[in-house]
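Peer 1: Structure of the sequence below:
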Amino acid sequence: MSTSIADERRLLSNDEYAPVARSHYPALAELDRDGLLELARWLRDQRGAVRRQVEQHRRAHRGKGEPRAGATEAAADRGLAGKKQVFARALKRVNSRLDQVIATQKRASMRAGHETALARLKAAKRHHPSTGRHGRKGAVAIENQKGASVIDGATIGSVSQAGRNAQARKDNR
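Peer 2: The predicted structure follows:
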């Protein structure tokens, strides 16, 4: 379930909301790669800090950790969990945009490499050796010195027939 911008504004302070607002389009599309990396780092740090607070509240509620002021209130847990989700969603948007920017840069660099390789290929001198003073008809066939081994048609199958005849004589004894 998505959170509206009004809900994000309600959950976050003004200092926290300003970077999160930059994670929405069209402001996100205007950021360059360095700006996206910086915003992703900040969002990751904020999400981690809120995540640790949520974990501490849950431990205190179970009786495992030291309770802090207001740590056992369920409303505070819901607010912190919502804040964590806001940072997580903003980070997801920024990471997605960062992946798009990186993919675009990779495509541009690969295209530039392909274009330079094609230019080198087109600029290279082609190697076509001359045929000499006289044009030839091509390769000359060399005849096989051994000759073709031709088996007489009458001898084909004579070995197997001889085996059958020998077996028949043996069976008639």
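Peer 1: Tell me, how many residues neighbour residue 94?
Peer 2: Counted with other C-beta atoms under 10 Å, residues neighbouring residue 94 total 26. In short, each C-beta sits where N, CA and C put it, glycine included.
Peer 1: Next: residue 80.
Peer 2: Around residue 80 there are 20 residues (other C-beta under 10 Å).
Peer 1: Likewise for the one 10 residues further on?
Peer 2: The criterion is other C-beta under 10 Å. On that basis, residue 90 has 26 neighbouring residues.
Peer 1: Retrieve the pLDDT associated with it.
Peer 2: At residue 90, the model reports a pLDDT of 96.
Peer 1: Please give me every residue in contact with it.
Peer 2: Residue 90 sits next to 19-20, 23, 43 when contact means C-beta atoms under 8 Å, 6 or more residues apart in numbering.
Peer 1: do that again at 10 Å, thanks
Peer 2: Each residue near residue 90 by C-beta atoms under 10 Å, 6 or more residues apart in numbering is listed here: 3, 8, 12, 19-24, 28, 39-40, 42-43, 46-47.
Peer 1: quick one: buried residues of the helix or strand of the chain at the bottom of the mean pLDDT ranking?
Peer 2: Every helix and strand in the chain was compared by mean pLDDT, DSSP states H and E; the lowest is helix 5-11, with a mean of 89. For helix 5-11, the neighbour count (16 or more other C-beta atoms under 10 Å) marks 8, 11 as buried.
Peer 1: who touches the following helix or strand past it?
Peer 2: Going down the chain from helix 5-11, the next helix or strand is helix 14-22, by DSSP states H and E. By C-beta under 10 Å, 6+ apart, the surrounding residues in contact with helix 14-22 are 5, 8-12, 27-28, 30-31, 35-36, 38-39, 42-43, 46, 50, 83, 86-87, 89-91, 93-94.
Peer 1: How far does the strand or helix carrying residue 166 sit from its chain's centre?
Peer 2: Element membership for residue 166 (DSSP H and E) is helix 158-172. Using C-alpha atoms, centre = their mean, to the nearest Å, the mean C-alpha position of helix 158-172 is found 69 Å from that of the whole chain.
Peer 1: Rounded mean pLDDT for it, please.
Peer 2: 91.
Peer 1: give me the low-pLDDT residue ranges for the chain?
Peer 2: Applying pLDDT under 70 to the chain picks out residues 1-2, 67-76.
Peer 1: max-length helix in it?
Peer 2: helix 74-123 (DSSP state H).
Peer 1: between that one and helix 14-22, what angle do the directions make?
Peer 2: With axes from the mean of the first three to the mean of the last three C-alpha atoms, to 10 degrees applied, the angle from helix 74-123 to helix 14-22 works out at 40 degrees.
Peer 1: and residue 61, how many neighbours does it have?
Peer 2: 15.
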